[in-house]
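Q: here is a sequence together with a model predicted from it:
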Amino acid sequence: MNKSLTQKTFLGFFWQFGGAIFKTVLQLAVLVILARLISKADFGIVQSSMVVVGLAKLISQMGVGPALVQKKELTELHIRAGTTLTFLLSFFSFLIVYISSGILADFFRMPALKEVLKIVSILFIIEGFSTVSQSMLLREMKQKILVQIDFISYLIGYGIVAVTLSYFGFGLWSLIIGQIMQSTLMCILSFVKSRHSILPYFGRSEFKELLYFGGGFTIARLFNYIANEGDNIVVGRYLGADALGAYSRAYSIMVKPVGLIGDSIDKVLFPAMSARQSQPKRLIEAFVNGSKMITLICIPISIIIISSSEEIINLMLGNKWSETVLPLQILSAGLIFRMGYKMGDCLTRATGKVYSRARRQFIYAICVLVGCYVGSFWGINGVAIGTFFAVFVNYVLMIHLSLTILKINWLYFLKRISPELFISILLSLGFLGVISIIRIYVPLDIIVLLLSYGLFGIISAILFYFYSYKLSFIEIFPFEKFLSKITKKR
């Protein structure tokens, strides 16, 4: 049976969000184990290598994948041209990173990074093959398949391989081998589920069409990547591997909700908005409803992490990671802005405004680098403050661009999300009250978290029951009729 675009959007979000929950639980379990088997310095070295790989990966893919998703009319020649482009650029990036590994190790002041980069550079070749297959699955909104591929590859690559190797004393190499295994499995499974021609094609018009969108997308992503990794770059170069290991663990915990919610929304709404890019009213509703959902969820999550960060760190990482508590709290305070600007990212890509987005991401990158450098004089806590400031600036810039594209103003936007803002504040106050009382009577960290999160869940359900009629974004979900019955009964 053929499904409507709305049904596909909902089912896509269901699979992305559900898959993200399972993967997040798995990632946290893996983190708990690896934090006790691998040193902070090893985590720092691997994090530095991933910064380099991620940056070069943007260039190697050149936005070809998103261009294939966004393009209205796609032909077999476009797919072949995209495959050819990604392979050539991936191979070029492999050579650049391999040859310059010594220079990059000197920049980060980590001699051990040289050999690590030579090995991880193979990731460009592996992931270059999976770009087109992944993009075609996303274009067709086959979120279930994408989630399954992502989960299986992570489970085997990190959940089994990396943990096993770290147990037998392979240190940082367990993380590297796990990453390579994960990417290899993702490449194979993606191609099996979305087969396409790998015959080279050098059509000028197809190259031009893909690279025009992909070029603007890549410029924006490049600045966005520098912004997202700017804090790691500053910490790694000026504060050392140990400090980077501690900071990156705080960041990895904070960013889990972004992957759980923000990335799920982005992966679903980008193809859906691309299909509706010529329907302004539906774009406005999609943007506002997505912003409502983020507002309702993110503010309570921020308060939960901030108020229970000490228990989280002690339970997940152990007492030796206590210096990560304050950075985690500072970074978590910016969750609403970090996830909120993803709606702007999604809209600008869907409507092809990639160069307008690129200019704002340049400002974002500058704010991160300057803010984190100044903050580094006060250690990783100062870097976290610099990051928070930059994320807030980027949120304002991206929402303003989105409102300009949609031709609506800030007053209209804030008025539409105000019910969710009110309820999110109630939820936050409820959790603060719950955990404050529990701490008085319960000494164990794990019991504090279990009781406070459990009771908060009950309070959230009660508030949702009494205020669900105010949440207009629920109209995009199939359980609208169920909620309307509840509202009528009240």
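A: Structure's in. What do you need?
Q: in the chain, which helix or strand is least confident?
A: helix 480-489 (a mean of 44; mean pLDDT, DSSP states H and E).
Q: pretty sure V434 contacts F456?
A: Yes: under the criterion of C-beta atoms under 8 Å, V434 makes contact with F456 at 5.6 Å. (Each C-beta comes from the backbone N, C-alpha and C, glycine too.)
Q: what distance do you get for T86 to F389?
A: In this view, T86 and F389 are 36 Å apart by C-beta to C-beta, to the nearest Å.
Q: more crowded one of those two?
A: Taking other C-beta atoms under 10 Å, T86 and F389 do not tie; T86 has more neighbours (25 against 18).
Q: distance of R338 relative to L34?
A: Distance from R338 to L34, by C-beta to C-beta: 24 Å.
Q: looking at those two, which one has more neighbours?
A: The residue with more neighbours, out of R338 and L34, is R338; 25 against 21, by other C-beta under 10 Å.
Q: for the more buried one, pull up the helix or strand it's in.
A: Using DSSP states H and E, R338 maps to helix 335-350.
Q: same check, this time on L421
A: Counting by DSSP H and E, L421 is part of helix 410-441.
Q: show me how far that helix is from its chain's centre.
A: Averaging C-alpha positions (C-alpha atoms, centre = their mean, to the nearest Å) puts helix 410-441 24 Å from its chain's average.
Q: output the helix or strand following it in PDB with nothing but the alpha carbons.
A: Per DSSP H and E, helix 410-441 leads on to helix 445-467 as the next helix or strand towards the C-terminus. Provided in PDB are the C-alpha atoms of helix 445-467 (Å, rounded to 0.1, in the frame of the first residue of the first chain):
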ATOM      1  CA  ASP A 445      23.900   7.700  42.900                       C
ATOM      2  CA  ILE A 446      22.200   5.000  40.900                       C
ATOM      3  CA  ILE A 447      19.200   5.000  43.200                       C
ATOM      4  CA  VAL A 448      19.000   8.800  43.100                       C
ATOM      5  CA  LEU A 449      18.900   8.700  39.300                       C
ATOM      6  CA  LEU A 450      16.400   5.800  39.100                       C
ATOM      7  CA  LEU A 451      14.000   7.300  41.500                       C
ATOM      8  CA  SER A 452      14.200  10.900  40.300                       C
ATOM      9  CA  TYR A 453      13.900   9.900  36.600                       C
ATOM     10  CA  GLY A 454      11.100   7.500  37.400                       C
ATOM     11  CA  LEU A 455       9.000  10.000  39.400                       C
ATOM     12  CA  PHE A 456       9.700  12.700  36.800                       C
ATOM     13  CA  GLY A 457       8.300  10.400  34.100                       C
ATOM     14  CA  ILE A 458       5.100  10.000  36.100                       C
ATOM     15  CA  ILE A 459       4.900  13.800  36.600                       C
ATOM     16  CA  SER A 460       5.500  14.400  32.900                       C
ATOM     17  CA  ALA A 461       2.700  12.000  31.900                       C
ATOM     18  CA  ILE A 462       0.300  13.800  34.300                       C
ATOM     19  CA  LEU A 463       1.200  17.200  32.900                       C
ATOM     20  CA  PHE A 464       0.900  15.900  29.300                       C
ATOM     21  CA  TYR A 465      -2.500  14.500  30.200                       C
ATOM     22  CA  PHE A 466      -3.700  17.900  31.400                       C
ATOM     23  CA  TYR A 467      -2.000  20.100  28.800                       C
END
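Q: that's all I had, so thanks and see you.
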